[in-house]
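# okay, sequence plus prediction incoming.
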Amino acid sequence: MKPKQMAGLAILSVSNLILNFAFQWYVVTSLGSGQQTDALFAAMIVPMIILSVVSSSLTHVLVPILSCKSGRAFEEDAWMYFYLVGFFFLLAAIVLIALDDIWIPLILPGFDDSAISLTTNIFEIQVFGIVGISLVAVLEAASHAKMKFYNVEIVKNIVGLIALLALSLNIDKYGVYAAALIMAFRPLLSVLLMLKHLGHSRPPRVDKKEIIAVWKKLKYLMAGTIYYKTDPLLDRFLLSMSTMGSITIYHIAQQIYAAGSAIVSRAIVSPLVPLLSRHAKANRWRSFRKDYLSRFLLVTGIALLGLAAIALIGQYLLELMFLHGNFDSDSVRRLWELMLLLFGTFIAGSAGQILASSFYAYGNTRTPTHIGIAGYTVGIVLKIVGFYYYGVAGVAVAASSYYVLNAILLYIFLEKRINKKIIGDAEFA
């Protein structure tokens, strides 16, 4: 992808992320940081984990596979994955609703009965968005495999505009329930607008050989990913025992960084994966290293500039954005402090996307999964200890610490693997 194309993709990504952020900004400035927003963001935890686990796993596994297919073969396989994924997550949504009276109180021990009841009601509105989220992941993978990155971002911008407009018209009347309902329908609308990316409609079919090949890669990645992607669940568990509004403030800080990471992923990481996959298939390992390192250094430099901006003018900018409506100055100050403490999650998380995607590009899902599991296990201990001694701030520092550890390990192991392949090719020649 040429620099101009990358710039255009970045603009679309930024526009989409601004709309997503504006949606949450509208919610917290309208409702403030309290029980309603804590319940909303706590109820989002399962859809967030599904989005994190399924979207990343399906993309990393399906893009390299579908990028090597075309025509009827591409369409048949893409539709097969669409049907299978949709059916599986529809069943998952039904099971989650049936058991929500059990698992919601368990993951939010600090919530009182009224907060648990509100969270349960909101979750039952949002839960079917899980199906949409999973199907969007398949559609994005199909689009990226065809190198059609613009189409995905255009659809997301359209849906974001519709959602923001709907929220502005309904939140005063229906409050937090309006936000929950709109959040559930956003991914379903995206599915309707992106279906054409799969090509001509194909009837359901099951290619056992193809499914088994994909599952071998996907199951290992998802099994490990499910474990360490429960990070937000641990955060909600701990923060539910802190002061009211802590979940909201922490969530907003994370979302600001998630927006930055998403820009990196869509504009820099996503276009890199098909390129690296082709290098790997042709055994061009020196080109593989050159391309991944150039993107790695670019992402790291951008992240460091972001840290400087947050430290110098971050509080002022946050006041301009959030000091409106029911979001007070104390909440703004807490948000800025958390962003400084959480910065390691952005710089190491963004760099880690490049490194992990480089493994996935040549079919290695195990190494990044092992590293993710090990890092998160350390992170669990750090977060519990940090919360015990320092509360919310301790959780934020612990999160930054284990993200940095993961990125360091990913870089070390990736370099070792590539060196072996370069040496192996030289000996073979």
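In hand now; what should we look at?
# and the strand or helix carrying Asn151, what other elements does it pack with?
If you go by DSSP states H and E, Asn151 is part of helix 149-174. Under the contact definition 3 or more CB pairs under 8 Å, 6 or more residues apart in numbering; DSSP states H and E, helix 149-174 sits against helix 3-31, helix 129-145, helix 176-194. Backbone N, C-alpha and C define where each C-beta goes, glycine included.
# pull out the buried positions in the longest one.
Translated: helix 3-31. 8-10, 12-17, 19-31 (16 or more other CB atoms under 10 Å).
# tilt between it and helix 176-194?
Following axes from the mean of the first three to the mean of the last three CA atoms, to 10 degrees, one obtains 160 degrees for the angle between helix 3-31 and helix 176-194.
# beyond helix 3-31, next helix or strand please.
Next along the chain from helix 3-31, counting by DSSP H and E, comes helix 35-43.
# contacting residues around that following helix?
By CB atoms under 8 Å, 6 or more residues apart in numbering, the list of residues contacting helix 35-43 from outside reads 27-28, 31, 108, 111, 114-115, 118-120, 122-123, 126, 175-176, 179-180, 236, 240, 244-248, 251.
# can you count the residues close to Arg286?
13 (other CB atoms under 10 Å).
# so who does it touch?
Counted by CB under 8 Å, 6+ apart, Arg286 has contacts Ile422.
# for it, give its distance to Leu293.
11 Å (CB to CB, to the nearest Å).
# could you do Met48 as well?
In terms of CB to CB, Met48 sits 31 Å off from Leu293.
# those two: which is more packed in?
More crowded of Met48 and Leu293, by other CB under 10 Å: Met48, with 20 against 16.
# tell me the secondary structure for the more buried one?
helix (DSSP: H, G, I helix; E, B strand; the rest coil).
# is it in contact with Pro232, as I believe?
Yes: the pair Met48 / Pro232 is scored as a contact, 5.5 Å apart, by CB atoms under 8 Å.
# I'd like to know how far the nearest residue to Leu31 once chain neighbours are set aside sits from Pro105.
Closest residue to Leu31 apart from its sequence neighbours, by CB to CB, 6 or more residues apart in numbering: Thr37 at 5.3 Å. Distance, Thr37 to Pro105, by CB to CB: 19 Å.
# swap in Ser400?
30 Å.
# of the two, who's got more company?
Ser400 (21 against 14).
# what residues sit buried inside the host helix or strand of the more buried one?
Following DSSP H and E, one finds Ser400 within helix 392-428. For helix 392-428, burial by neighbour count (16+ other CB under 10 Å) applies to 392-396, 398-411, 413-414, 417-418, 421.
# cool, stretch 109-124 as well?
Gly110, Phe111, Ala115, Ile116, Leu118, Thr119, Thr120, Asn121, Ile122, Phe123, Glu124.
# which one of those is nearest Cys68?
Phe123 (39.5 Å; CB to CB).
# the closest residue to the closest one other than its chain neighbours: neighbouring residues, count only.
Using CB to CB, 6+ apart and skipping the chain neighbours, the partner closest in space to Phe123 is Ala43 (4.1 Å). In terms of burial, Ala43 registers 27 neighbours under the definition other CB under 10 Å.
# contacting residues around the closest residue to Tyr390 other than its chain neighbours?
Of all residues not flanking Tyr390 in the chain, Val397 sits nearest, at 7.4 Å (CB to CB, 6+ apart). Listed by CB under 8 Å, 6+ apart, the contact partners of Val397 are Leu341, Leu382, Gly386, Tyr390.
# how about Gly394?
Lys383, Val385, Gly386, Phe387, Tyr388 are the contacts of Gly394 under CB under 8 Å, 6+ apart.
# of these - the most surrounded one?
Lys383 (24 neighbours).
# wait, that one touches Ser401, no?
No: using CB under 8 Å, Lys383 makes no contact with Ser401, being 9.5 Å away.
# distance of Tyr150 from Lys156?
Relative to Lys156, and taking CB to CB, Tyr150 is found at 11 Å.
# quick check: phi and psi on Tyr362?
Dihedral pair for Tyr362: phi -110, psi 20, per degrees, to the nearest 10.
# hang on, it packs against Ser277?
Yes: using CB under 8 Å, Tyr362 is in contact with Ser277, at 7.2 Å.
# with neighbour numbers in mind, choose between these two.
Regarding Tyr362 and Ser277, a neighbour count based on other CB under 10 Å identifies Ser277 as having more, with 22 against 18.
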